[in-house]
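Novice: A structural model of the following input is requested.
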Amino acid sequence: MNQLMDVLALPQFGLSTVFVVAFISATLLPLGSEPAVFGLIKLSPHLFWPAILVATAGNTLGGALSWWMGLGTHKVVDHAAGHHTEVRALAWLRRFGPRACLMSWLPVVGDPLCAVAGWLKLPFWPCVLYMAIGKFLRYLTMTVALLYLWPGAMPH
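Specialist: Residues are numbered from 1 along each chain as shown. Predicted coordinates for the structure are as follows:
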């Protein structure tokens, strides 16, 4: 396991590792991707923007997968129940529409929010756009804050 971790920490594998970790962490699995982004940037400061963009892409695609899982779950439940189902407690989310996916960056509730957007059949592409904006801002803010707290890896 240590050898695998050593290989994944190498800059030439770092961006693909960041992508995979960001993708997986955007599903309903409890995994944070910020340490992977921060670690890569600490090792290779010149990868600041590529790491932010790759993490955003991976996390957004993971959120899109969660959206599709939510839609699929809704269809299965509708088919099994024989009628259209709606969760009343989440009716407020429908009012916000795809803009609610801006909050997909939030810990604990953000990733399930993407699945709920699919469940509610909110439009896919606008949801993905708002997910990407929120996730990009999160990675940028978190990484800059961590670099400020642990200086020495600021990009040039």
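Novice: residue closest to the middle of this structure?
Specialist: In the chain, the residue lying closest to the centroid (C-alpha atoms, centre = their mean) is Asn59, at 3.0 Å.
Novice: wouldn't it be in contact with Tyr139 here?
Specialist: Yes: counting by C-beta atoms under 8 Å, Asn59 touches Tyr139, with 7.5 Å between them. Quick note: C-beta positions are derived from backbone N, CA and C, even for glycine.
Novice: ok, back up a step: ok, the residue nearest to the centre of the chain - contacts?
Specialist: Ala22, Phe23, Ser25, Ala26, Ser33, Met131, Lys135, Tyr139 (C-beta atoms under 8 Å, 6 or more residues apart in numbering).
Novice: again with Phe23
Specialist: Contacts of Phe23 (C-beta under 8 Å, 6+ apart): Gly58, Asn59, Leu61, Gly62, Leu65.
Novice: by neighbours, which of the residues you listed wins?
Specialist: Asn59 (33 neighbours; other C-beta atoms under 10 Å).
Novice: ok, now how distant is that one from Gly110?
Specialist: Distance from Asn59 to Gly110, counting by C-beta to C-beta, to the nearest Å: 10 Å.
Novice: longest helix in the chain, by number of residues?
Specialist: helix 48-81 (DSSP state H).
Novice: now that helix: how far from the chain's centre is it?
Specialist: 8 Å (C-alpha atoms, centre = their mean, to the nearest Å).
Novice: now the helix or strand following it: how far from the chain's centre is it?
Specialist: Using DSSP states H and E, the helix or strand that follows helix 48-81 in sequence is helix 91-96. How far helix 91-96 lies from its chain's middle: 21 Å, per C-alpha atoms, centre = their mean.
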